[in-house]
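A.B. asks: here is a sequence with its predicted model. Questions after.
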Amino acid sequence: MSEPAIETHRLGFAYPDGTRALEAVDLSIDTGGRVAIIGQNGSGKSTLVRHFDGLLRATEGTVNVNGEPVGGRHVADLARAVGIAFQNPDRQIFAASVVREVGFGPRNLGVSGDDLDLRVDAALAAVGLEESRAANPYDLGYSQRKLLGLASILAMRTPIVVLDEPTTGQDARGVARVRAIVDALTEMGRTVIAISHDMRFVAENFPRVVVMRAGRIVLDGSPNDVFAEASWPMLASTFVHPPLAARIGVRMGLGSTPTEASLIEAARRAAGQS
Ligand SMILES: Nc1ncnc2c1ncn2[C@@H]1O[C@H](COP(=O)(O)OP(=O)(O)OP(=O)(O)O)[C@@H](O)[C@H]1O
Ligand SMILES: [Mg+2]
């Protein structure tokens, strides 16, 4: 068995102004695993993942990445292991062209020449920004800047990839791209962690869902368990609304992760009976 990709033990964190954002978080994520983190605004999701690449440092407890404590490791070293696509792309983007933005991370890791070009091209193709190579990032719309932030992280080819709200602002095509990217990362054996408020995206794409409330993990399980009726009061307490399919599925006795076909079949039967 390899070490978990991420392991936190009693992780606590307070911002310099004294705001407590994490309390005794115990979380272990297997290498190659795919985990969604959900919970109300301000529950600590972004704060938690910023501990994985060393941007924030634990106030209490420990964080291990690939079995090693992050404590003594520099951000530059951790950048080889963990890539985080920021919630707000404008905090990530600073280069004057799309192609330079995507190349910045790998160049910093010492990648150059054909290898660099290849990485940049593959990352731009994955997010559908090939045509915008020469563009100034700030001439792109929000959804495209968000995809640019994602491409910059893909180009780093880190074994652990964290996506903070990847579907925000995306239309159906953009969401489909994000889904395809998550699938491709899993196929390559990477660990994928996504923070999301999009419950359908979460339920359909992540086998494990971690729920946060006020800096703590309050639920951790499969979408079937986390979106089951027994969890609804806990979800409501952190302002999470289970996906529509879960709510209808539960009412129709199909469980909280029904397939579209089973919902249609049940609806047809119900209509026939009435
Ligand atoms: N730089 C900061 N200084 C002080 N407090 C902060 C800072 N950043 C976040 N916080 C606070 O820390 C807590 C956790 O915030 P965090 O951004 O991690 O939540 P979140 O779950 O990612 O929320 P959202 O869904 O809105 O992105 C909140 O109370 C927030 O106001
Ligand atoms: Mg956040």
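C.D. replies: Nice, I can see it. Numbers count the residues shown, from 1 in each chain. Ligands and ions are numbered 1, 2, ... in the order given.
A.B. asks: name the element the residue of the chain found nearest ligand 2 belongs to?
C.D. replies: When distances are taken as C-beta to the ion, the chain reaches nearest to ligand 2 at residue 46, 3.1 Å away. Just so you know, the C-beta spots here come from the backbone N, C-alpha and C atoms, and that holds for glycine as well. Here residue 46 is covered by helix 45-49, with elements defined by DSSP states H and E.
A.B. asks: do the same with residue 37
C.D. replies: Remark: residue 37 resides in strand 34-39, with elements defined by DSSP H and E.
A.B. asks: for the stretch 51-200 of the chain, give me the ranges with low pLDDT.
C.D. replies: Low-confidence regions of the stretch 51-200 of the chain, defined by pLDDT under 70, are absent; no residue qualifies.
A.B. asks: where along it do the strands fall?
C.D. replies: 60-65, 68-69, 82-85, 160-164, 191-195 (DSSP state E, counting those that start in this stretch).
A.B. asks: got JSON lines for these, with distance to ligand 1 too?
C.D. replies: Formatted as JSON lines, the strands of the stretch 51-200 of the chain follow (distance: least, C-beta to the nearest ligand atom, whole Å):
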{"stretch": "strand 60-65", "distance to ligand 1": "15"}
{"stretch": "strand 68-69", "distance to ligand 1": "22"}
{"stretch": "strand 82-85", "distance to ligand 1": "12"}
{"stretch": "strand 160-164", "distance to ligand 1": "7"}
{"stretch": "strand 191-195", "distance to ligand 1": "7"}
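A.B. asks: how about the residues of this structure by ligand 2?
C.D. replies: Contact residues (C-beta under 5 Å from the ion) of the chain with ligand 2: 46, 87.
A.B. asks: now for the residue of the chain closest to ligand 2, how many residues are close by?
C.D. replies: Using other C-beta atoms under 10 Å, residue 46 is surrounded by 19 other residues.
A.B. asks: got it, and residue 272?
C.D. replies: A count of nearby residues for residue 272, using other C-beta under 10 Å, gives 7.
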